[in-house]
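K.L.:
Have a look at this fold, sequence not included:
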């Protein structure tokens with residue numbers, strides 16, 4: 001039976017509370033971490049330095065530092081991407097990171113390969129689905145499907161992955177916009193590019209010319225290629241950009257294969273860049289499998305160029321810390337102690353993620 005506190009209670013006497021001097025408190029937000037004002041004409045480094053060293057801006061710097069350090073050590077930086085990365089106009093960002101030798105592996109879903117091919121061939125992609133669907137015309141462009149079959153048959157004939165086959169096809173056919181192709185750039189640079197297809201999800205799967213066998217075989221070979229690359233992810237970075245389901249699931253299985261084969265993945269950092277938080281990316285990418293996980297939320301068309309810029313600035317020069325650590329004896333006279341991010345552990349053996357606290 002529940003016991004009532006009673007209908008009549010005397011108010012607590014707040015005068016009995018213990019207080020402390022403000023200067024003795026450890027704080028999470030400091031003036032030295034506030035934003036700085038920049039003016040037109042200042043450098044990219046000045047702009048990035050002007051951002052507050054708090055929350056997402058701090059995580060952006062942390063991710064850029066991890067990527068730069070992995071690149072310097074020769075550890076793998078892998079970029080797994082959904083097709084919206086291409087549809088948001090970000091192929092030049094990805095191809096530049098490949099050309100610079102920063103990204104050493106690209107993984108994408110089947111739609112990504114389709115958009116990449118159409119951009120290389122036509123200089124355009126992404127049809128108006130709302131307009132074509134009622135007419136039954138959606139996704140039935142003939143050249144796209146036939147090129148897809150040609151790439152899958154090339155992969156089958158040469159025992160290569162679907163990503164490599166697409167890159168080779170785009171390059172060797174001399175498509176007019178091939179310099180904009182992520183897969184062709186990867187092929188030219190001899191960087192692994194893998195395509196992970198879920199049958200029934202892509203427009204070419206409706207086309208009369210589609211052959212499931214060669215596609216399934218080539219895509220599974222790409223999965224095995226990705227598993228082989230995992231051995232280089234110790235101390236490396238996995239970037240999941242705009243993939244809510246497909247690539248996080250592929251990544252989790254590849255991590256498991258690597259562990260089963262005895263590969264050391266110690267020090268692997270994973271980041272999820274997306275517009276909204278998604279369960280599988282948060283759990284299977286930045287949660288369970290890695291040493292450290294970072295989440296950056298925002299529109300792809302802003303976020304990925306910012307990450308690229310931050311990495312290039314980080315590679316160009318080292319940055320001093322914005323806040324100095326005071327001695328313990330100075331705590332009473334120094335109101336701003338260094339920012340310390342609270343850490344929490346995920347599931348057993350999972351990643352450490354950081355969050356900033358707040359008062360007020």
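P.N.:
Okay, I see it. On a predicted model such as this, the values are computed, not experimentally measured, just so you know.
K.L.:
how much space between the nearest residue to residue 53 once chain neighbours are set aside and residue 317?
P.N.:
Sequence neighbours aside, residue 33 is the residue nearest to residue 53 in space, at 3.9 Å (criterion: Cβ to Cβ, 6 or more residues apart in numbering). From N, CA and C alone the C-beta is placed, and that goes for glycine too. Separation of residue 33 from residue 317 (Cβ to Cβ, to the nearest Å) stands at 20 Å.
K.L.:
same deal with residue 121?
P.N.:
In terms of Cβ to Cβ, residue 121 sits 41 Å off from residue 317.
K.L.:
neighbour count winner among the two?
P.N.:
Of the pair residue 121 and residue 317, residue 121 is the one with more neighbours under other Cβ atoms under 10 Å, namely 19 against 7.
K.L.:
next one: the helix or strand harbouring that one to chain centre, how far?
P.N.:
Using DSSP states H and E, the element containing residue 121 is helix 110-122. How far helix 110-122 lies from its chain's middle: 20 Å, per Cα atoms, centre = their mean, to the nearest Å.
K.L.:
contacts for it?
P.N.:
81-83, 85-87, 91, 108, 124-126, 141, 143-144, 147-148, 151, 162-163, 166, 169-170, 175-178, 180-184, 195-198, 201-204, 219 (Cβ atoms under 8 Å, 6 or more residues apart in numbering).
K.L.:
Identify all contacting residues around the helix or strand just after that helix.
P.N.:
Where DSSP H and E defines the elements, the next helix or strand beyond helix 110-122 is helix 129-132. Helix 129-132 has contacts (Cβ under 8 Å, 6+ apart) with 138-139.
K.L.:
and residue 211, how many neighbours does it have?
P.N.:
If you count neighbours by other Cβ under 10 Å, residue 211 ends up with 13.
K.L.:
Not counting sequence-adjacent ones, nearest residue to it?
P.N.:
Using Cβ to Cβ, 6+ apart, the closest residue to residue 211 is residue 149 (5.8 Å).
K.L.:
what's the pLDDT at the one you found?
P.N.:
pLDDT for residue 149: 98.
K.L.:
Please give the element, helix or strand, for it.
P.N.:
Residue 149 belongs to helix 142-158 when assigned by DSSP H and E.
K.L.:
Off-centre distance for that helix?
P.N.:
Worked out by Cα atoms, centre = their mean, helix 142-158 lies 29 Å from the chain centre.
K.L.:
neighbours of residue 206, just the number please.
P.N.:
Count around residue 206 with other Cβ under 10 Å applied: 13.
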